[in-house]
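Novice: whatever this is, show me its structure:
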Amino acid sequence: MPENLVIILITATFFFGLLVGYILARLRHAAKQSIFDWFSTNRYIRVYKPLKPKKMARNRPKDELNNE
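Specialist: Here you go, the predicted model:
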């Protein structure tokens, strides 16, 4: 009896893994981006980054600053 139970558990685990893999593949195919991109930090940075980077102030010579 225990041998049959082990065989049933291994078979059920195998088919459950196939089912999960199939579902993930279908979702990934339907999505424009990969499912795994949803959980990555790059997506967070890409969505919330500012639209235009701020320009740095030019380094002016010291004598120009003193004249003002």
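
Novice: okay, CA-based contacts and neighbour counts for the rest of this
Specialist: Noted.

Novice: low-confidence stretches in the protein?
Specialist: Counting by pLDDT under 70, the chain shows low-confidence ranges at 30-68.

Novice: so residue 10 versus residue 26, what's the distance?
Specialist: 24 Å (Cα to Cα, to the nearest Å).

Novice: and for residue 1?
Specialist: 38 Å.

Novice: looking at those two, which one has more neighbours?
Specialist: Neighbour count, other Cα atoms under 10 Å: between residue 1 and residue 26, residue 26 has more, with 11 against 5.

Novice: quick one: residue 4 from residue 13, how far?
Specialist: Going from residue 4 to residue 13 by Cα to Cα gives 14 Å.

Novice: helices or strands up against the helix or strand encompassing residue 29?
Specialist: Residue 29 belongs to helix 2-30 when elements are defined using DSSP states H and E. In this structure, helix 2-30 makes packing contacts with no helix or strand, judged by 3 or more Cα pairs under 8 Å, 6 or more residues apart in numbering; DSSP states H and E.

Novice: residues near residue 27, how many?
Specialist: Neighbour number of residue 27 under other Cα under 10 Å is 14.

Novice: make that residue 14, sorry
Specialist: Counted by other Cα under 10 Å, the residues lying close to residue 14 total 11.

Novice: all good on my end, thank you.
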